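A.B. asks: Sequence and predicted structure, then a few things I'm wondering about:
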Amino acid sequence: FEKNRDVLFLSFDADVCALLKSIQDSFPVYLLNAAGRESLANPSDMRSRSAQHGTEFASRVGLAGMVFLVDIVLEQPQLLAECHQRGLSLFTYGTRNNETKVIDIQIELSIDGIITDSPIYIAAHVLSAASGQAHA
């Protein structure tokens, strides 16, 4: 365990998130939402399948935020304001988070966090864009 490493707990299981939040307060807990990828969630648990139900639940139990499929956030950018109004951060995940154009859109929207399979490539793009250099 590295002392200077940030740790976040994320789960598609709302009950696991609530339990993690109730037994510790050292690390933030995020509910992964499967809207747009329903096969990842329990079909009977709307907290993990519906953006609205998930956000309401996360706020009620004091989670740090929500993690949505990037496609859902791009289709419904108001989700960011809805999360922030409830005191929640909003992160995104999905294969499109490996595309620099999609990252640029999220930066313009002020998304709180982006989960990518290509962190070095995306970080290089973000840093070069911030310094005014183009990066494909």
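C.D. replies: Yep, that arrived.

A.B. asks: CA atoms for contacts and neighbours, from now on please.
C.D. replies: Will do.

A.B. asks: need the contact list for V102.
C.D. replies: Residues near V102 by CA atoms under 8 Å, 6 or more residues apart in numbering: R96.

A.B. asks: Quick one: mean pLDDT over the helix or strand hosting it.
C.D. replies: Using DSSP states H and E, the secondary-structure element containing V102 is helix 100-109. Per-region confidence: helix 100-109 scores 95 on mean pLDDT.

A.B. asks: For that helix, buried residues please.
C.D. replies: By 16 or more other CA atoms under 10 Å, the buried positions in helix 100-109 come out as 100, 103-104, 106.

A.B. asks: which one of these is nearest P28?
C.D. replies: Of all the buried residues of helix 100-109, the one with the least separation from P28 (CA to CA) is Q106, at 21.7 Å.

A.B. asks: ok so, going back, so which of the buried residues of helix 100-109 would you say is closest to T55?
C.D. replies: Using CA to CA, Q106 is the member of the buried residues of helix 100-109 that sits closest to T55, with 19.2 Å.

A.B. asks: still on that earlier bit, mind giving me TSV with the buried residues of helix 100-109 and columns for distance to S50?
C.D. replies: Listed next are these as TSV, based on distance: CA to CA, whole Å:
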residue	distance to S50
T100	27
I103	24
D104	26
Q106	21
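
A.B. asks: and of these, the nearest to A58?
C.D. replies: Checking the buried residues of helix 100-109 against A58 with CA to CA, the nearest one is Q106 at 21.7 Å.

A.B. asks: The next helix or strand along the chain from the helix holding V102: partners in the sheet, and parallel or antiparallel?
C.D. replies: For helix 100-109, the following helix or strand on the C-terminal side (DSSP H and E) is strand 113-114. Using DSSP bridges, the strands paired with strand 113-114 are strand 89-93 (parallel).
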